[in-house]
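1. Sequence first, then the predicted structure:
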Amino acid sequence: MIAENGRDYKELPHLTEGDEEFRNKFLSWDLGNISFVDVQEYLKVKDTILVPMASFEQHGPHLPIYTDTITCIEMARRVAEMIAVLHTPPIWMGYSPQHMFDPGMGRGTITVRSSVLLNLVNDVARSLIHHGFNRIIFINGHGSNVKVIDPVLRKLRYETGALISFVKPYMENYVGILEGLMENPWEETPGWHSSELETSQDLAWNEKYVRMERANFTKAHIPDFLPKSFEKKDGMPDVEFEGYKYFTFPMDHHEFIETGVIGNPLRATKEKGEEAFRRLSEHVARGVLELQEVPVTVHTREFIDRVL
């Protein structure tokens with residue numbers, strides 16, 4: 001189980017008003033911490049649930065393997081408290097074949113095949129829809145899940161009529177709402193794997209699990225199997241040629257960055273991580289509030305195909 005951080009989420013500002021009576025009915029917004037009686041009470045008023053999902057993959061020598069899952073569960077807990085919605089426990093396994101490294105190297109990554117992940121996401125969502133939830137909001141913490149997720153999101157929408165959303169609250173090559181927060185220049189890839197942002201967020205989550213004495217600044221490079229006329233600067237599957245990114249290759253992580261760290265984590269601080277979580281969670285919370293206002297008609301609720 002992911003390590004706790006000791007945070008009292010009830011201290012977070014609420015974005016909803018006049019719902020204290022509703023809030024007081026629940027000991028927790030985590031679906032795993034309440035009973036079916038509480039679920040029934042919740043569904044009398046709301047039909048939204050957050051599903052955090054990420055991965056279990058190496059994040060260099062200084063960050064925990066749970067790093068991506070830390071991102072998604074922290075986001076889900078914050079959003080849940082701010083707008084009084086339930087969230088599930090995290091789906092901690094994800095699509096990470098590129099992070100396995102060579103056999104016997106002990107990198108710790110646990111990956112699942114794309115078909116396994118899609119079946120898992122489908123079954124989690126169909127279970128929730130079966131019980132009465134109409135709005136399923138996946139809070140994703142792992143970039144490579146994006147590569148495979150679209151078919152199951154469409155399947156869920158087409159087959160049930162539920163509102164299905166997939167949120168990506170992190171920074172890779174898109175800065176967005178985190179503009180001005182990171183100190184690293186763009187060439188030091190602040191939003192990439194185990195760099196300034198992820199290290200800051202892990203520090204904010206629970207700094208005792210971050211080994212800053214092991215942190216190092218390393219840059220991505222072109223894999224040995226490609227000509228030197230190609231360039232690689234980040235963790236995306238595409239590479240540059242003549243200044244343009246039209247070529248994509250199935251590369252393993254260690255082929256372009258041996259340490260697992262893409263960028264400079266040395267400027268990371270707990271304060272930056274806290275601010276990143278605040279900006280992203282408030283943004284997502286406002287978006288989910290808007291999604292609660294649109295009409296949703298579920299036409300197929302029963303999860304019949306739930307055995308094989």
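-> Yep, that arrived. Numbers count the residues shown, from 1 in each chain.

2. Just to be sure, residue 138 is in a strand?
-> Yes. With DSSP: H, G, I helix; E, B strand; the rest coil as the criterion, residue 138 is assigned to a strand.

3. could you say what helices and strands the strand or helix carrying residue 70 packs with?
-> Assigned by DSSP states H and E, residue 70 belongs to helix 67-83. Packing contacts for helix 67-83, counted by 3 or more Cβ pairs under 8 Å, 6 or more residues apart in numbering; DSSP states H and E, involve strand 48-53, strand 86-87, strand 135-140, helix 196-206, helix 270-291. For glycine as for every other residue, the C-beta is placed from the backbone atoms N, C-alpha and C.

4. What's the mean pLDDT across the third one?
-> Over the span of strand 135-140, the pLDDT mean works out to 98.

5. repeat for the shortest one
-> Averaged over strand 86-87, pLDDT sits at 98.

6. Could you identify the helix or strand that succeeds it?
-> Counting by DSSP H and E, what follows strand 86-87 is helix 114-131.

7. residue ranges with poor pLDDT in the stretch 101-250 of the chain?
-> Across the stretch 101-250 of the chain, nothing is flagged by pLDDT under 70.

8. let's see 80
-> 172-173, 187-190 (pLDDT under 80).

9. what residues does stretch 129-138 touch?
-> 39, 43, 47-53, 121, 125, 128, 149, 153, 156, 160, 162-167, 288, 291-292, 296, 298, 301-303 (Cβ atoms under 8 Å, 6 or more residues apart in numbering).

10. same thing but 7 Å
-> 39, 43, 47-51, 53, 125, 128, 160, 162-167, 288, 291-292, 296, 298, 301-303 (Cβ atoms under 7 Å, 6 or more residues apart in numbering).

11. Quick check: ChimeraX command selecting the buried ones in those residues.
-> To isolate the buried ones among the contacts of stretch 129-138 in ChimeraX, judged by 16 or more other Cβ atoms under 10 Å, type:
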select :39,47,48,49,50,51,53,125,128,160,162,163,164,165,166,167,288,292,298,303
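
12. List the buried residues in stretch 277-295.
-> Buried, per 16+ other Cβ under 10 Å, within stretch 277-295: 277, 279-282, 284-285, 288-289, 292.

13. and of those residues, the nearest to residue 117?
-> residue 284 (21.8 Å; Cβ to Cβ).

14. mind checking how far the closest one is from residue 138?
-> Remark: distance between residue 284 and residue 138 (Cβ to Cβ, to the nearest Å) = 11 Å.

15. Also residue 230?
-> Residue 230 is 34 Å from residue 138, by Cβ to Cβ.

16. between these two, which one's more packed in?
-> residue 138 (25 against 14; other Cβ atoms under 10 Å).

17. now that one, which residues is it bridged with?
-> Under DSSP bridges, the beta-bridge partners of residue 138 are residue 51, residue 166.

18. need the contact list for the most centrally placed residue in the chain.
-> Geometric centre of the chain, nearest residue: residue 141, 1.3 Å, by Cα atoms, centre = their mean. Contacts for residue 141 (Cβ under 7 Å, 6+ apart) come out as 52, 54, 68-69, 71-72, 170.

19. one step back: for the helices and strands packed on helix 67-83, give me JSON lines that also has distance to residue 184.
-> Putting these into JSON lines (distance: least, Cβ to Cβ, whole Å) gives the following:
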{"stretch": "strand 48-53", "distance to residue 184": "27"}
{"stretch": "strand 86-87", "distance to residue 184": "31"}
{"stretch": "strand 135-140", "distance to residue 184": "23"}
{"stretch": "helix 196-206", "distance to residue 184": "5"}
{"stretch": "helix 270-291", "distance to residue 184": "10"}
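
20. How is the nearest residue in space to residue 191 that is not next to it in sequence assigned, secondary-structure-wise?
-> With Cβ to Cβ, 6 or more residues apart in numbering as the criterion, residue 191 has its nearest non-adjacent residue at 3.3 Å, and that residue is residue 171. Per three-state DSSP, the secondary structure class of residue 171 is coil.
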